[in-house]
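Participant: okay, predicted coordinates and the sequence, questions at the end:
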Amino acid sequence: MIDIKFLRENPDIVKENIRKKFQEEKLALVDEVIALDAESRKAKQEGDNLRAAKNKISKEIGALMAQGRKAEAEAKKAEVAANAKRLAELEAMEPQLQEKITKIMMVIPNIIDASVPIGKDDSENVEIEKYGEPVVPEFEVPYHADILNSINGLDKDAAGRTSGNGFYYLIGDAARIHSAMISYARDFMIDKGFTYCIPPFMIRSSVVNGVMSFAEMEAMMYKIEGEDLYLIGTSEHSMIGKFKGQIVNEASLPITMTSYSPCFRKEVGSHGIEERGVYRVHQFEKQEMVVLCRPEDSMDWYNRMWSYTVEFFRSLDVPVRTLECCSGDLADLKVKSCDIEAWSPRQQKYFEVGSCSTLGDAQARRLGIRTKGENGTYYVHTLNNTVLATPRGLIAFLENNVNADGSIDIPEALRPYMGGKDRILPGGAR
């Protein structure tokens, strides 16, 4: 959510930003919210004037009564009564106007960074850089579900019976690799100086509304029936919500955290749930990084954060690339975002395994997260980035480390988490 003062003073910039995001249907909202804001400020000013007048007239009534000028005092009392009626109307009007303003402001997109490429959708995202050689082996790389089945590591049929489509059992060495990757991602980020955290896996609607747009919420979040609680789609939601309504110590900035959680998503949309494999599912696990910082430091942290994910995957012998998200592919709260994509030797193309975003002060403004320094109180900037989301990360690992004989190499970084194993053999062989 952008600053209403900025919108009031720069309506043309806000409208141009809306055009860059190809959301022309929202252009009229700018003029609408400006009109409501003017009405709200006028009502507030009138209310303030009436309150001041009430105090002044009350003193005058006392003086008139003391002088025995009862008729004049009664006239003043009638004036106070009339003002009180109008003041009651204004006090009822002000929160209604503010609610309308907030509702509109919540759907006007954040101002994107000048470096963001302009494009309508993800087909116009721009490749930034490749890291590692995208190798295509001489043998045919199996589909990831087949690799998992070859080590007796996947059971979707049983998950279908217990939970339905979009769920899975990971078994044996497959489950062990999965857990090893999560543990390694945790320690990788701790070594970068981030504080490890396990957050609540359910959050209230007030937090949901603070960290994401309504459209995103509807497409992603599972609501707990009869409760004001939602299952998180990423631990970023809980981690940012941790600071809701707080004034954090400026000396404590930046606050750098890495969090583990299971994640739950409806995955509503054109992609759908994958029937056979585990690329697009309702439940997965994730190691996230979250930063709260001063506005002037946010772009530096943005570049550090995505580079950590690149470094992480390269340590697992997975080639990756970074992809700059264009204006039309940015969620409304985001200022700038890039995807980290892993190489798929089977498909001979890259696929998304993580996303890094800076949201400016949009989330902090919605949730009331501020800091106080020498120049006064201001909203912090928030950033988030995926270290590892698996099973997608697991898919990238399997495809890039499977051998022609069906065995799977374990990179050196993972071996301490795999009991020293350097290879997994097909069929559960030792």
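Facilitator: Structure received. The model shown is predicted, which means the values in this text are computed figures rather than measured ones.
Participant: so where's the stretch 201-350 of the chain uncertain?
Facilitator: 214, 268-274 (pLDDT under 70).
Participant: can you map out the helices along it?
Facilitator: In the stretch 201-350 of the chain, the helices defined using DSSP state H, counting those that start in this stretch lie at 205-211, 214-220, 235-241, 298-314.
Participant: residues in contact with the first one?
Facilitator: Here helix 205-211 makes contact (Cβ atoms under 8 Å, 6 or more residues apart in numbering) with 106, 217, 221, 228, 230, 236-238, 240-241, 244, 333, 363, 366-367. Where you see a C-beta, it was placed from the backbone N, CA and C, and this is true even at glycine.
Participant: from these, which single one is nearest residue 261?
Facilitator: Nearest to residue 261 among the contacts of helix 205-211, counting by Cβ to Cβ, is residue 238 at 7.1 Å.
Participant: excluding chain neighbours, give the residue nearest to the closest one in space.
Facilitator: Nearest residue to residue 238 in three dimensions, chain neighbours excluded: residue 199, at 3.4 Å (Cβ to Cβ, 6 or more residues apart in numbering).
Participant: cool, and residue 295?
Facilitator: Per Cβ to Cβ, 6+ apart, closest to residue 295 is residue 381, 5.1 Å.
Participant: show the contacting residues for the one you found.
Facilitator: 292-295, 297-298, 358-361, 364.
Participant: what of residue 408?
Facilitator: By Cβ under 8 Å, 6+ apart, the neighbours of residue 408 are 147, 151, 177, 398, 401-402, 423-424.
Participant: got a quick ChimeraX command for the buried subset of the residues you listed?
Facilitator: Buried subset of those, written as a ChimeraX selection, criterion 16 or more other Cβ atoms under 10 Å:
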select :147,151,177,398,401,402,424
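Participant: re the thing from before, the residue nearest to residue 238 and residue 292: what is the separation?
Facilitator: Distance of residue 199 to residue 292, given as Cβ to Cβ, to the nearest Å: 14 Å.
Participant: who has more neighbours, those two?
Facilitator: Set residue 199 next to residue 292 and count neighbours by other Cβ atoms under 10 Å: residue 292 wins out with 25 against 21.
Participant: would you mind measuring from the nearest residue to the more buried one once chain neighbours are set aside to residue 197?
Facilitator: Leaving aside its chain neighbours, residue 292 sits nearest to residue 255 (4.3 Å; criterion: Cβ to Cβ, 6+ apart). Residue 255 sits 11 Å away from residue 197 when distances are taken as Cβ to Cβ.
Participant: for residue 333, same thing?
Facilitator: 22 Å.
Participant: the two: which is more packed in?
Facilitator: Just comparing residue 333 and residue 197: by other Cβ under 10 Å the higher neighbour count belongs to residue 333, 23 against 16.
Participant: and the more buried one, backbone torsions?
Facilitator: phi -80, psi -10 (degrees, to the nearest 10).
Participant: thought it was touching residue 212?
Facilitator: Yes. Counting by Cβ atoms under 8 Å, residue 333 touches residue 212, with 6.8 Å between them.
Participant: which of the contacts of residue 408 fall within helices?
Facilitator: Of those, the ones assigned to helices by DSSP state H are 147, 177, 398, 401.
Participant: can you list these in a markdown table and add distance to residue 9 and pLDDT?
Facilitator: Formatted as a markdown table, the ones in helices among the contacts of residue 408 follow (distance: Cβ to Cβ, whole Å; pLDDT from 0 to 100):
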| residue | distance to residue 9 | pLDDT |
| --- | --- | --- |
| 147 | 57 | 97 |
| 177 | 54 | 96 |
| 398 | 53 | 97 |
| 401 | 55 | 96 |
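Participant: let's test this: mean pLDDT of the one helix or strand residue 46 maps to, rounded?
Facilitator: Residue 46 is part of helix 27-66, with elements assigned from DSSP states H and E. Confidence for helix 27-66, expressed as mean pLDDT, is 84.
Participant: next SSE after it?
Facilitator: helix 70-105.
Participant: mind giving me the packing neighbours of the following helix or strand past that next one?
Facilitator: Downstream of helix 70-105, the first helix or strand assigned by DSSP H and E is strand 126-131. Strand 126-131 sits against strand 320-324, with contacts defined as 3 or more Cβ pairs under 8 Å, 6 or more residues apart in numbering; DSSP states H and E.
Participant: try it again with 10 Å
Facilitator: If you count contacts as 3 or more Cβ pairs under 10 Å, 6 or more residues apart in numbering; DSSP states H and E, strand 126-131 packs onto helix 298-314, strand 320-324, strand 336-344.
Participant: and the second one with helix 298-314, angle?
Facilitator: Put plainly, it is strand 320-324. 150 degrees (axes from the mean of the first three to the mean of the last three Cα atoms, to 10 degrees).
Participant: of the helices and strands packed on strand 126-131, which is nearest residue 60?
Facilitator: Residue 60 lies closest to helix 298-314 among the helices and strands packed on strand 126-131, at 54.5 Å (Cβ to Cβ).
Participant: okay, the helices of the stretch 201-350 of the chain, which one's buried deepest?
Facilitator: When you average the neighbours per residue for each of these (mean count of other Cβ atoms under 10 Å), helix 235-241 leads with a mean of 26.
Participant: ok now stretch 236-245, how far from the chain's centre?
Facilitator: How far stretch 236-245 lies from its chain's middle: 10 Å, per Cα atoms, centre = their mean, to the nearest Å.
Participant: quick one on the thing from earlier: common neighbours of residue 333 and residue 212, please.
Facilitator: 359, 363, 366 (Cβ atoms under 10 Å, 6 or more residues apart in numbering).
Participant: so how many other residues sit close to the first one?
Facilitator: Burial of residue 359 is recorded as 26 neighbouring residues (other Cβ under 10 Å).
Participant: so it makes contact with residue 295?
Facilitator: No. The pair residue 359 / residue 295 is not scored as a contact, 11.6 Å apart, by Cβ atoms under 10 Å.
Participant: look up how far residue 1 lies from the residue nearest to residue 295.
Facilitator: Note on residue 381: its distance to residue 1, by Cβ to Cβ, is 14 Å.
Participant: shared neighbours, those two?
Facilitator: Contact with both residue 381 and residue 1 is made by residues 360-364, according to Cβ under 10 Å, 6+ apart.
Participant: list the buried ones in stretch 395-405?
Facilitator: 395-402.
Participant: hang on, the earlier thing: going by distance to residue 267, which of the ones in helices among the contacts of residue 408 wins?
Facilitator: Using Cβ to Cβ, the ones in helices among the contacts of residue 408 come closest to residue 267 at residue 398, 21.3 Å.
Participant: ok, residue 261 - contacts?
Facilitator: Contacts of residue 261 (Cβ under 10 Å, 6+ apart): 197-201, 232-239, 284-288.
Participant: what about residue 51, how many residues close to it?
Facilitator: Neighbours around residue 51, by other Cβ under 10 Å: 14.
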